[in-house]
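Q: Build me a model:
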Amino acid sequence: MSNYNIIKLKFLSPVHWGRGIGQAYDTSESILHSDTISGALCSGYISLYGDKDVKEFLQSFNISSSFPFDGSTYFLPVPKGFKRFTNTEEGENQNTKAIKRIENIDIDVFSKLQEHQEILFSGKNLSPDGKLLYDGPAPDYDVFKNSMQDRVMIPRSDAGDTIPYHLERKHFHENCGLYFLFTVQPEYQETFINVLDFIGSQGIGTDKSVGNGQFTFDRDVIQITNPKHESSSYLTLSLFCPTRQEASFIKLNESYFELLKRGGFLAGTSVDRFRHLRKKSIYMFSEGSVLKGPENKGKIIDLKPDWNDEEMHPVYRDGRGFSIPVNL
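A: All right, here's what the predicted structure looks like:
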């Protein structure tokens, strides 16, 4: 067993997290990716302390992406490529569909994976939406539910037409929320918590100005089972962008992974005239990727657009990995 420090986010209001695909507000991300949390922390740091040492602050911590929790039950992403799930209910077609729908598994189920056990389950172990696999009987509620809110976009000039659109919002069930794993250098621990507290009061995601995305948080420690034997693979719990040298050590033909394109607008900049600009884009390994080879650190990337302006500042994207050893 290994101990990991975690932050549990308890949301006080509905949330919407953009998917980085233009104006597609009718679909929200289900989790906060590690680079989104890092970006919010840096933005909060600048608001509190200025931008002089923001790069040093970013380098002082390492975080995972966020995953669901239900009370004292914590979930991890299903390792990509893992096939030892068996639905004990009858019907091969039903078995395949149920397995494909699972996105996160109880940390106790993950322990069984590490011990090379076959994962047997039935409908009673699944959340109502089929996305969470519990080790025991699942509750009769989902960790969060979605609602759609009708909105109207009003043009700034009289020449344009109003444009109706829909905004998907997530509402977390009582005692449920998201958590992420973290490490932070001792000299920055107080600053890290202060910044996180500031972000919670301001909100994270779309519609912060009307009170959405606000949260409180608690600190806790979880235990994750280590492989029985020496591991040659690791499971990514964050988005991960390796350096060129690190990438050469990953045995891609023996790995299971998905790539996510990350980019978007400079919405978090303090310079208003830059907010219409798009960052450069980059692909990263997604959470739940199982990569064969030595564990790597990843890198922080500057996605600053090519824009000839002396006030243009670095636009950091956190591609450092947070991973755990696996031997699946």
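
Q: quick one, helices of this protein?
A: 34-49, 54-59, 92-101, 107-114, 189-202, 244-247 (DSSP state H).

Q: who wins for proximity to residue 314 among these?
A: Evaluated over those, closeness to residue 314 peaks at helix 54-59, with 7.5 Å, by CB to CB. Just so you know, the C-beta spots here come from the backbone N, C-alpha and C atoms, and that holds for glycine as well.

Q: Now do that closest one, average pLDDT.
A: Here helix 54-59 scores 94 as its mean pLDDT.

Q: Low-confidence ranges, the stretch 51-200 of the chain, go.
A: Within the stretch 51-200 of the chain, the segments meeting pLDDT under 70 span 90-95, 149-153, 156-160, 165-167.

Q: Walking through it, point out its strands one by one.
A: For the stretch 51-200 of the chain, strands defined by DSSP state E, counting those that start in this stretch occupy the ranges 61-63, 67-70, 73-77, 85-87, 104-106, 119-121, 132-133, 144-153, 163-172, 176-184.

Q: Packing partners of the second one?
A: Using 3 or more CB pairs under 8 Å, 6 or more residues apart in numbering; DSSP states H and E as the contact criterion, the neighbours of strand 67-70 among helices and strands are strand 73-77, strand 176-184.

Q: May I see the ones you listed organised as TSV, with distance to residue 110 and mean neighbour count added?
A: TSV is the format used below for the helices and strands packed on strand 67-70 (distance: least, CB to CB, whole Å; neighbours: other CB atoms under 10 Å):
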stretch	distance to residue 110	mean neighbour count
strand 73-77	5	22
strand 176-184	13	20
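
Q: my read: residue 324 touches residue 224, true?
A: Yes - taking CB atoms under 8 Å as the definition, residue 324 is a contact partner of residue 224 at 5.9 Å.

Q: shared neighbours of the two, anything?
A: Residues within reach of residue 324 and of residue 224 at once, by CB atoms under 8 Å, 6 or more residues apart in numbering, are residue 2.

Q: one step back: just the helices of the chain: most buried one?
A: helix 34-49 (a mean of 21; mean count of other CB atoms under 10 Å).

Q: what's the offset of that helix from the middle of its chain?
A: Going by CA atoms, centre = their mean, to the nearest Å, the spacing between the C-alpha centre of helix 34-49 and its chain's C-alpha centre is 15 Å.

Q: contacting residues around it?
A: For helix 34-49, the surrounding residues in contact (CB under 8 Å, 6+ apart) are 17, 54, 57-58, 61, 63-66, 180, 191-192, 194-196, 198-199, 202, 204, 238-239, 262, 268, 270, 284, 287, 316-319, 322.

Q: Among the strands of the stretch 51-200 of the chain, which comes closest to residue 97?
A: Proximity to residue 97 (CB to CB) singles out strand 85-87 among these, at 9.1 Å.

Q: Pull out the buried residues from the closest one.
A: The neighbour-count check on strand 85-87 (16 or more other CB atoms under 10 Å) flags 85, 87 as buried.

Q: Can you list the strands that it pairs with?
A: Using DSSP bridges, strand 85-87 pairs in its sheet with strand 119-121 (parallel).

Q: What residues of the strand it pairs with count as buried?
A: Using 16+ other CB under 10 Å as the test for burial, strand 119-121 gives 119, 121.

Q: What of stretch 314-321?
A: Under the neighbour-count criterion of 16+ other CB under 10 Å, stretch 314-321 has 315-321 buried.

Q: Next: stretch 228-242.
A: Quick answer for stretch 228-242 (16+ other CB under 10 Å): 231, 233-242.

Q: Kindly reformat the strands of the stretch 51-200 of the chain as a markdown table and extend each row with distance to residue 252.
A: As requested, these are arranged in a markdown table below (distance: least, CB to CB, whole Å):
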| stretch | distance to residue 252 |
| --- | --- |
| strand 61-63 | 24 |
| strand 67-70 | 25 |
| strand 73-77 | 19 |
| strand 85-87 | 24 |
| strand 104-106 | 25 |
| strand 119-121 | 26 |
| strand 132-133 | 28 |
| strand 144-153 | 34 |
| strand 163-172 | 34 |
| strand 176-184 | 25 |
